[in-house]
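Enquirer: predicted model, plus sequence, below.
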Number of protein chains: 2
Amino acid sequence: MTITQLKYALAIAEHKNFTKAAEKCFVTQPTLSTQIQKLEDELDVVIFDRGKKPIELTEVGRKIVFQARNIVNEAERIQDIVDQQKGFIGGEFRLGIIPTIMPTLLPMFLKNFIKKYPKVKLKIEELTTEEILIRINDGHLDAAIAATPLESDNIKERVLYYEPFVAYIPDNHRLRDKKTIEVADLDIEDMLLLEDGHCFREGVINLCKTFKDQIDEHFQLESGSIETLIKLSNEGMGMTLLPYLHTLDLKEKLSSNLRHFAKPSPAREVSIIYHKSELKMQIIDAMHSVISGIIRGAIAFSDVEIISPLSK
Amino acid sequence: MTITQLKYALAIAEHKNFTKAAEKCFVTQPTLSTQIQKLEDELDVVIFDRGKKPIELTEVGRKIVFQARNIVNEAERIQDIVDQQKGFIGGEFRLGIIPTIMPTLLPMFLKNFIKKYPKVKLKIEELTTEEILIRINDGHLDAAIAATPLESDNIKERVLYYEPFVAYIPDNHRLRDKKTIEVADLDIEDMLLLEDGHCFREGVINLCKTFKDQIDEHFQLESGSIETLIKLSNEGMGMTLLPYLHTLDLKEKLSSNLRHFAKPSPAREVSIIYHKSELKMQIIDAMHSVISGIIRGAIAFSDVEIISPLSK
DNA sequence: ATTTACTATAGATTTTATAAATAGTTTTTA
DNA sequence: TAAAAACTATTTATAAAATCTATAGTAAAT
């Protein structure tokens, strides 16, 4: 049994296809066939049921592949140990970001990061929180940026910043003339909410949920949903709440519709999250420090005192 | 990086000597030299400091070897998964037993066990609890039988039985004429205690400790210390306490000196303990069931109601 | 029935692991 | 301090393996 064989088995289990898995492993298909056969012979069990199309794992195969994932992960940590020793920050780093954070945060930190850590090959993907959790667990993502807390097993969180919500209030809305908004002013009946807007806590959560299905259908299909939210609001569907960073690049005409909350402002917690194994921790640390620095700058321009809904 | 290379590194780290490690790995010394060099070249770090005699691990080498232990352990679990799937109970199984359990328990279950599970190659070693914990952690033991609870991290316990203590009271002792003994009758001043006799709990623990150093010097050096204890008792050094199973094969002359405790009798908890990774769990299960069965038989002949000091 | 989409097998080639012999080190001993 | 002992590293040869190319085999889809 070799680590290579286990990697091959993982690739086949993932793609359910020898040929595709071979490509991903940068070897030919017969190589996989023979290596998997050797592994099966050595263990004297059948791992893959080639009878079914697409290929399926046998019962014991599933257990073996699960364990193979552990072994390969642990093996990769050796390189991690070496990198840490050398103070080397580099290699491939796959980062997931949720849609409502992606467009505002990415332009802010990306240049900085690749300048500071040119040896890191960043692969960034826009994914939903749900997809992110799956991919961190199966090893397809090294880390992600998402709204927290998630309280997911196996996943650790490290807070990057708290992003206040800002009310967007169109013409003719009953709250239009208020200078600052109170949480108590909010009426769920005339408010458009983003899926991520579930962070109010103190009792608003349940109200949000009544809107959630509707929101999923209308906005969740594309990443630019916050733009859509603003347009719907402009067309009289109600007020809405925007994450603070999104309000920074609104056109002047639209930004006149913004109303900040009275302090303490409700906010969402944004964290970098990663597997508990803490693989590639140096890069995660690096990214944390870069983003924290950038955000400190962005917040400095604002007049918003950020208070987390989680802090007492 | 291969699993083989990691195993070689582990062997060298353990024996601090390429030549000895090579023997243990059943390869020649140049094989180890070249494989370790390949590993070091691939990772581009020095793992072993050959300058020192005996060989030492470098700082990063220590971390790598620690991680290698993980990887190799996880890799061995693949075979474990396969065995479990096949219902196969076999392979090498290294069991540690503490001195005061070894001579009585081993003859009782060994024949039974090897008859029922002939494919298991048992390697049994008599070790102190301390040595056992070290060896379970470093992977040199698969399991052990010891007095519990130990509350050691990384180690799980599964109770096999509760073994009552029986008082051994020589001629002319003040308790000689009592039919049954109470815990309250015990006077630490005239009692010889075995190191393992620290299981009284309810306040006796501290008293035992006053004797511990003395006991270490006199009896702990050899496994037959209980015999010595009886002899010392016979020579007027005081009464003593014996684990129940030891009293079963005392000569008739000596067994007349035994006095059972009034129920509930103080007892020691004896468990099979193993690493939390639960490697070779099928064999551990098998051993547990064999020993439990045997003990149920042995206890049936006794008139001793067994009540644990831990049960309320 | 034929094509398509795979996986398995065979034979050749390259790479790798290992052994045997030996050279090079350091430490111990006389 | 010279010789021996106790090691590890290097060299060369060999056996084993991993991999490739080409092709055969097999099941599903058309």
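Expert: Arrived safely, thanks for sending.
Enquirer: from here on, contacts and neighbour counts on C-alpha atoms
Expert: Will do.
Enquirer: please, where are all the strands along the stretch 201-312 of chain A?
Expert: Listed in chain order, the strands found in the stretch 201-312 of chain A under DSSP state E, counting those that start in this stretch are A:239-243, A:258-259, A:267-275.
Enquirer: so residue A:52: helix, strand or coil?
Expert: Of the three states, residue A:52 takes coil under DSSP: H, G, I helix; E, B strand; the rest coil.
Enquirer: check what pLDDT it gets.
Expert: Looking at residue A:52, its pLDDT reads 78.
Enquirer: with the one 3 residues further on instead?
Expert: According to the predicted model, the pLDDT of residue A:55 comes to 87.
Enquirer: could you tell me which residues make contact with the nearest residue to it once chain neighbours are set aside?
Expert: Spatial nearest neighbour of residue A:55, chain neighbours left out: residue A:16 (5.1 Å); criterion: CA to CA, 6 or more residues apart in numbering or on different chains. Residues counted as contacts of residue A:16 (CA atoms under 8 Å, 6 or more residues apart in numbering or on different chains) are A:54, A:55, A:56.
Enquirer: how many residues are close by the second one?
Expert: Spelled out, that is residue A:55. 16 (other CA atoms under 10 Å in any protein chain shown).
Enquirer: how close does it get to residue B:82?
Expert: Per CA to CA, to the nearest Å, residue A:55 is found 20 Å from residue B:82.
Enquirer: would JSON lines of the strands of the stretch 201-312 of chain A with distance to DNA strand C and mean pLDDT be doable?
Expert: As requested, these are arranged in JSON lines below (distance: least, CA to the nearest atom of the strand, whole Å; pLDDT from 0 to 100):
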{"stretch": "strand A:239-243", "distance to DNA strand C": "44", "mean pLDDT": "83"}
{"stretch": "strand A:258-259", "distance to DNA strand C": "53", "mean pLDDT": "90"}
{"stretch": "strand A:267-275", "distance to DNA strand C": "30", "mean pLDDT": "91"}
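Enquirer: okay, these in JSON lines with mean neighbour count next?
Expert: Putting the strands of the stretch 201-312 of chain A into JSON lines (neighbours: other CA atoms under 10 Å in any protein chain shown) gives the following:
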{"stretch": "strand A:239-243", "mean neighbour count": "24"}
{"stretch": "strand A:258-259", "mean neighbour count": "20"}
{"stretch": "strand A:267-275", "mean neighbour count": "24"}
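Enquirer: of those, which is nearest chain B?
Expert: Closest of the strands of the stretch 201-312 of chain A to chain B is strand A:267-275, at 17.3 Å (criterion: CA to the nearest CA).
Enquirer: now the residue nearest to residue A:70 when sequence neighbours are not counted: which helix or strand?
Expert: Excluding the flanking residues, the one nearest residue A:70 by CA to CA, 6+ apart is residue B:74, at 7.3 Å. Using DSSP states H and E, residue B:74 maps to helix B:59-86.
Enquirer: go through stretch A:108-116 and flag the buried ones.
Expert: Across stretch A:108-116, burial judged by 16 or more other CA atoms under 10 Å in any protein chain shown covers A:109, A:113.
Enquirer: quick one: mean pLDDT for it?
Expert: Stretch A:108-116 shows a mean pLDDT of 92.
Enquirer: show me how far it is from its chain's centre.
Expert: Its chain's C-alpha centre and that of stretch A:108-116 lie 18 Å apart, by CA atoms, centre = their mean, to the nearest Å.
Enquirer: can you list contacts of that stretch?
Expert: A:120, A:287, A:290, A:291, A:294.
Enquirer: near residue A:87, how many residues? Count them for me, please.
Expert: The number of residues packed near residue A:87 is 10, by other CA under 10 Å.
Enquirer: same question for residue A:23.
Expert: 13.
Enquirer: same thing with residue A:179?
Expert: 11.
Enquirer: got the CA coordinates for stretch A:160-169 in PDB?
Expert: The C-alpha trace of stretch A:160-169 is given here as PDB (Å, rounded to 0.1, in the frame of the first residue of the first chain):
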ATOM      1  CA  LEU A 160     -12.000  38.800  10.300                       C
ATOM      2  CA  TYR A 161     -14.400  41.700  11.000                       C
ATOM      3  CA  TYR A 162     -17.900  42.700  11.900                       C
ATOM      4  CA  GLU A 163     -19.700  44.200   9.100                       C
ATOM      5  CA  PRO A 164     -22.700  46.500  10.100                       C
ATOM      6  CA  PHE A 165     -25.900  46.400   8.200                       C
ATOM      7  CA  VAL A 166     -27.000  49.700   6.600                       C
ATOM      8  CA  ALA A 167     -30.700  50.300   5.800                       C
ATOM      9  CA  TYR A 168     -31.500  51.200   2.300                       C
ATOM     10  CA  ILE A 169     -34.800  53.100   2.300                       C
END
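Enquirer: can you read off the pLDDT for the residue nearest to residue A:70?
Expert: We note a pLDDT of 92 for residue B:74 in this prediction.
Enquirer: could you do residue A:235 as well?
Expert: For residue A:235, the model assigns a pLDDT of 79.
Enquirer: measure it to residue A:173 for me?
Expert: Taking CA to CA as the measure, residue A:235 falls 11 Å from residue A:173.
Enquirer: give the contact list for the nearest residue to residue A:259 once chain neighbours are set aside.
Expert: Spatial nearest neighbour of residue A:259, chain neighbours left out: residue A:167 (5.1 Å); criterion: CA to CA, 6+ apart. Residue A:167 is in contact with A:181, A:239, A:240, A:241, A:242, A:258, A:259, A:260, A:261, counting by CA under 8 Å, 6+ apart.
Enquirer: can you tell me which of those lies closest to residue B:279?
Expert: Minimum distance to residue B:279 across the contacts of residue A:167 is 52.0 Å, recorded for residue A:242 (CA to CA).
Enquirer: wait, that closest one touches residue A:192, no?
Expert: No. Using CA atoms under 8 Å as the test, residue A:242 is too far from residue A:192 to be in contact (10.0 Å).
Enquirer: burial count for the residue in the stretch 201-312 of chain A that DNA strand D sits nearest to?
Expert: Here the residue of the stretch 201-312 of chain A nearest DNA strand D is residue A:279; by CA to the nearest atom of the strand that distance is 24.4 Å. When neighbours are defined as other CA under 10 Å, residue A:279 has 21 of them.
Enquirer: got the contact list for it?
Expert: Shown in contact with residue A:279 (CA under 8 Å, 6+ apart): A:77, A:80, A:142.
Enquirer: pLDDT wise, what is it at?
Expert: Looking at residue A:279, its pLDDT is 89.
Enquirer: relative to residue A:8, how far out is it?
Expert: Distance of residue A:279 to residue A:8, given as CA to CA: 21 Å.
Enquirer: check residue A:114 too.
Expert: Separation of residue A:114 from residue A:8 (CA to CA): 32 Å.
Enquirer: phi and psi next, for residue A:174.
Expert: Backbone torsions of residue A:174, given as degrees, to the nearest 10, read phi -60, psi -20.
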